[in-house]
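S.K.: No letters, just coordinates:
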């Protein structure tokens, strides 16, 4: 059975997740403010690292190619604001590290055992636990086309790393997180008809 390229493309588009936040289509946004906030129980070192990465991202974004809107950092909700609230984080524990090692060793040695026993196929598996943070994303009411906040997950490799290295790696992965969400908003904005 042959699957056509168009059918495969349609399936990929149909299964793509919707954007975390949705812009109204009838508003002009010359400058999008970004408000990074956090719950009280989140690790301060992570929040401060995310703030620094956000500041660097905004500087780089505004100085690079022409964008549909400019970015600015704010410390409160105002018009045309993307609110990113840091809710919680979970580092990979020593127990998860141990389970990851055992499961991976068993899973990667399984093909050798299967081939040696004359099996016609080989099966393998692994488990690499990840460091995870949950964020709540919302837009100010003047540009919000969805009407409710959405949760978004930031993950980074945590397997075989001590806590300080997990935190360091996780802070670096915030760049991918913020880039993804800003690019998503920019695409929506360009599609709405407002272009610089």
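M.R.: Right, received. Where do you want to start? Quick caveat: nothing in here was measured; it's all calculated off a predicted structure.

S.K.: Kindly report the domain assignment for the protein.
M.R.: Under the assignment automatic domain parsing, the domains of the chain span 20-91+129-191, 93-128.

S.K.: you'd agree residue 83 is in a strand?
M.R.: Yes. Membership of residue 83 in a strand is supported by DSSP: H, G, I helix; E, B strand; the rest coil.

S.K.: tell me the secondary structure for the residue nearest the centre of the chain?
M.R.: Nearest residue to the geometric centre of the chain (Cα atoms, centre = their mean): residue 177, 3.7 Å. Three-state call for residue 177 (three-state DSSP): helix.

S.K.: For residue 125, which residues are in contact?
M.R.: 103, 107, 110 (Cβ atoms under 8 Å, 6 or more residues apart in numbering). The C-beta positions use only the backbone N, C-alpha and C, and glycine is treated the same way.

S.K.: Where helices are concerned, which of those count?
M.R.: 103, 107, 110 (DSSP state H).

S.K.: what about the second one, how many residues close to it?
M.R.: Residues lying near residue 107 (other Cβ atoms under 10 Å) number 14.

S.K.: isn't it right next to residue 128, touching?
M.R.: No. Using Cβ atoms under 8 Å, residue 107 makes no contact with residue 128, being 10.7 Å away.

S.K.: if we can go back for a sec, give me whichever of the domains of the chain is most buried.
M.R.: domain 20-91+129-191 (a mean of 16; mean count of other Cβ atoms under 10 Å).

S.K.: Looking at it now, give me its mean pLDDT.
M.R.: Domain 20-91+129-191 shows a mean pLDDT of 95.

S.K.: Next one, pLDDT for residue 121 please.
M.R.: So residue 121 comes in at 87 (pLDDT).

S.K.: pretty sure it contacts residue 114?
M.R.: Yes. Between residue 121 and residue 114 a contact is recorded at 7.3 Å, counting by Cβ under 8 Å.

S.K.: circling back to that earlier point, adding pLDDT, write the contacts of residue 125 out as CSV.
M.R.: Shown next, in CSV, are the contacts of residue 125 (pLDDT from 0 to 100):
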residue, pLDDT
103, 95
107, 94
110, 92
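
S.K.: tell me the SS of the residue nearest to residue 82 when sequence neighbours are not counted?
M.R.: Leaving out its chain neighbours, the residue that sits closest to residue 82 by Cβ to Cβ, 6 or more residues apart in numbering is residue 34, at 5.1 Å. Three-state call for residue 34 (three-state DSSP): strand.

S.K.: Help me confirm that residue 34 comes into contact with residue 74.
M.R.: Yes. Counting by Cβ under 8 Å, residue 74 is a contact partner of residue 34 at 6.8 Å.

S.K.: overlap in contacts of these two?
M.R.: residue 81.

S.K.: which ones are touching residue 51?
M.R.: residue 36 are the contacts of residue 51 under Cβ under 8 Å, 6+ apart.

S.K.: State the distance from it to residue 148.
M.R.: Per Cβ to Cβ, to the nearest Å, residue 51 is found 25 Å from residue 148.
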